[in-house]
Structure formats: C-alpha cells, structure tokens
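Chemist: Okay, here's the prediction I keep looking at, along with the sequence it came from:
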Amino acid sequence: MRLPKRSPIERRNFRQSSGPNRGREGWEFRCSFTDDAGSQCFGVSNRVAYDGQMVYATEQRNTSAVGAVLGSSKWFDIDGEADSKWCPAEGQLVIALLKKIAAAGVTNPDLFIISPFRIVAQEMRRLMEQETALLSALEVDAYEWGNNRVGTIHTVQGREADTVFLLLGAPKASQGGARSWAAGTPNILNVAVSRAKQDLYVVGSHGAWSGLGHFRELARSLQTIRI
C-alpha cells in the first residue's frame with residue numbers, strides 16, 4: 001500500500017510501520033495531538049482517508065490555550081437562517097467563542113477559521129474585520145488574521161494550527177447539493193481535520209450535515225453541543 005498524495009506536512013506526519021502480525025502495511029500518525037483531541041481527529045482521518053491503516057502514536061502535550069477555555073473538540077450545533085451558504089448566526093457564534101477566549105486572557109491564539117465554501121470564508125473575514133475590540137483583545141493583526149487565519153479549507157492545506165474552527169455554512173434544505181459536494185469526497189474533510197494539532201470545533205447544523213457522506217464519521221467522533 002502506498003500513502004495517498006498529501007501535502008509536504010502531511011507526508012512528514014505519516015511514517016510507514018510494520019509488525020509481525022500485520023498483514024498489510026500501516027501508517028503511524030506523527031502529529032502532536034493531545035490524547036483526547038488527537039484520538040478523535042486521528043480516528044476521523046484514519047477512517048475517512050486511510051482505510052483504517054494508520055497506527056496512532058501518542059505524543060503528550062499540554063492542553064492548548066484555546067482548549068483550556070472551550071474544552072475538548074466538539075460540534076457546536078446551530079440552526080440559523082441563510083440567504084446564501086453564509087449563515088450569519090454561525091459566524092456570530094464563532095465571534096462569541098473568540099470573545100470567550102479573549103475574556104480568559106488568551107492572546108495571539110494559534111488557530112484557523114476555515115470553511116468548505118468561499119463565500120462563507122469571505123463573509124467570516126468581513127465579520128472579523130468589524131470586530132476591532134475583539135482583535136485588539138486577542139492582540140492579533142487584523143490584516144494577518146484576515147488573510148492567513150480565515151479562509152477555505154484548501155487555503156490552509158500544508159499548514160497546521162493548534163486549534164481549528166470548521167465553519168460549515170449551507171444550512172438550508174435547498175442547499176443539499178452543496179453539502180453533498182463537500183461531504184462526498186474524503187479529501188475535504190481530511191484536510192480540515194488534519195489541520196488541527198490539538199482542538200477541532202465544528203460550527204454548523206448537525207441535522208443538515210451529520211448524515212451526509214464522510215461527515216457521518218465526524219458526527220460519530222465529536223460531542224455535540226446544541227446552541
């Protein structure tokens with residue numbers, strides 16, 4: 001078995017391993033997750049993209065600054081109105097979570113806010129630009145964050161952060177085609193999940209997404225918090 005084509009960082013994070021009882025080659029996950037978040041995210045990537053052939057290699061780390069405030073990886077289940085794939089209520093929830101982080105004294109957090117959809121990333125970036133007090137409290141540069149920390153899933157491919165907010169969007173019943181596109185290929189979800197070194201927070205409609213394609217694995221792996 002050959003490792004599927006991945007980014008340079010992803011290729012570095014997987015090491016071929018074998019054992020006397022292994023009928024097929026496996027892959028050892030070399031990312032620096034904490035045990036809890038790591039095993040959750042590892043399990044999603046392993047089942048979705050690697051056919052269960054990776055072997056989890058635990059590397060203990062201290063809890064991330066964001067994880068200490070928000071807890072372990074989870075799915076924030078929120079249903080909001082939307083005129084497009086962008087759901088303002090989802091964006092406002094991300095802002096509320098960031099304000100909670102800032103109120104706890106966290107500054108310059110190592111995180112990404114990513115989405116499968118360009119319009120969601122664009123609108124989230126615009127929303128962040130309006131939050132001058134929040135950006136000041138977090139001690140981050142508005143331009144740097146807007147351009148390097150908020151974007152589509154593929155804009156952060158090859159990079160990692162301690163924390164990832166996965167902003168789903170497309171909550172309307174009529175947007176089933178967009179959701180099926182995002183959930184139908186393992187690459188989109190695998191890239192999103194594997195960007196997180198420690199914590200993954202999904203924000204979006206559990207009802208709209210959890211039964212679709214590879215997002216079933218994500219739903220099974222994360223605690224759901226109804227908003």
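Modeler: Happy to help now that I have it.

Chemist: where exactly do the strands run in this protein?
Modeler: Under the criterion DSSP state E, the chain contains strands at 14-17, 26-29, 54-56, 74-77, 111-115, 150-152, 161-167, 196-204, 223-226.

Chemist: Adding distance to residue 66, mean neighbour count and mean pLDDT as columns, could you present those strands in CSV?
Modeler: Where you see a C-beta, it was placed from the backbone N, CA and C, and this is true even at glycine. As requested, these are arranged in CSV below (distance: least, CB to CB, whole Å; neighbours: other CB atoms under 10 Å; pLDDT from 0 to 100):
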stretch, distance to residue 66, mean neighbour count, mean pLDDT
strand 14-17, 25, 16, 32
strand 26-29, 21, 19, 35
strand 54-56, 22, 18, 42
strand 74-77, 12, 22, 98
strand 111-115, 6, 27, 98
strand 150-152, 15, 22, 97
strand 161-167, 4, 24, 97
strand 196-204, 6, 26, 94
strand 223-226, 15, 12, 97
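
Chemist: Residue 143: which of those is closest?
Modeler: The closest of these to residue 143 is strand 150-152. By CB to CB, the value is 11.2 Å.

Chemist: hmm, back to that, for residue 138, find the nearest of the strands of the chain.
Modeler: Nearest to residue 138, of the strands of the chain and by CB to CB, is strand 111-115 at 9.8 Å.

Chemist: And the contacts of the closest one?
Modeler: For strand 111-115, the surrounding residues in contact (CB atoms under 8 Å, 6 or more residues apart in numbering) are 66, 94, 121, 124, 128, 149-153, 155-156, 159, 161-169, 192, 195.

Chemist: Need the strands of the chain in a markdown table (columns: distance to residue 88).
Modeler: What follows is these, written out as a markdown table (distance: least, CB to CB, whole Å):
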| stretch | distance to residue 88 |
| --- | --- |
| strand 14-17 | 38 |
| strand 26-29 | 36 |
| strand 54-56 | 38 |
| strand 74-77 | 15 |
| strand 111-115 | 14 |
| strand 150-152 | 15 |
| strand 161-167 | 12 |
| strand 196-204 | 12 |
| strand 223-226 | 19 |
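
Chemist: burial of residue 181, as a residue count?
Modeler: Applying other CB atoms under 10 Å, we find 16 residues neighbouring residue 181.

Chemist: Then residue 193?
Modeler: 26.

Chemist: show me the contacts for the closest residue to residue 140 other than its chain neighbours.
Modeler: Leaving aside its chain neighbours, residue 140 sits nearest to residue 108 (5.8 Å; criterion: CB to CB, 6 or more residues apart in numbering). Shown in contact with residue 108 (CB under 8 Å, 6+ apart): 138-140.

Chemist: what's near enough to touch the closest residue to residue 172 other than its chain neighbours?
Modeler: Nearest residue to residue 172, sequence neighbours excluded (CB to CB, 6+ apart): residue 82, at 5.5 Å. Contacts for residue 82 (CB under 8 Å, 6+ apart) come out as 88, 169-172, 175.

Chemist: now do 10 Å
Modeler: 88-90, 120, 169-172, 174-175, 205 (CB atoms under 10 Å, 6 or more residues apart in numbering).

Chemist: Next: residue 75.
Modeler: 166, 168, 200-206, 209-210, 215, 218-219, 221-226.
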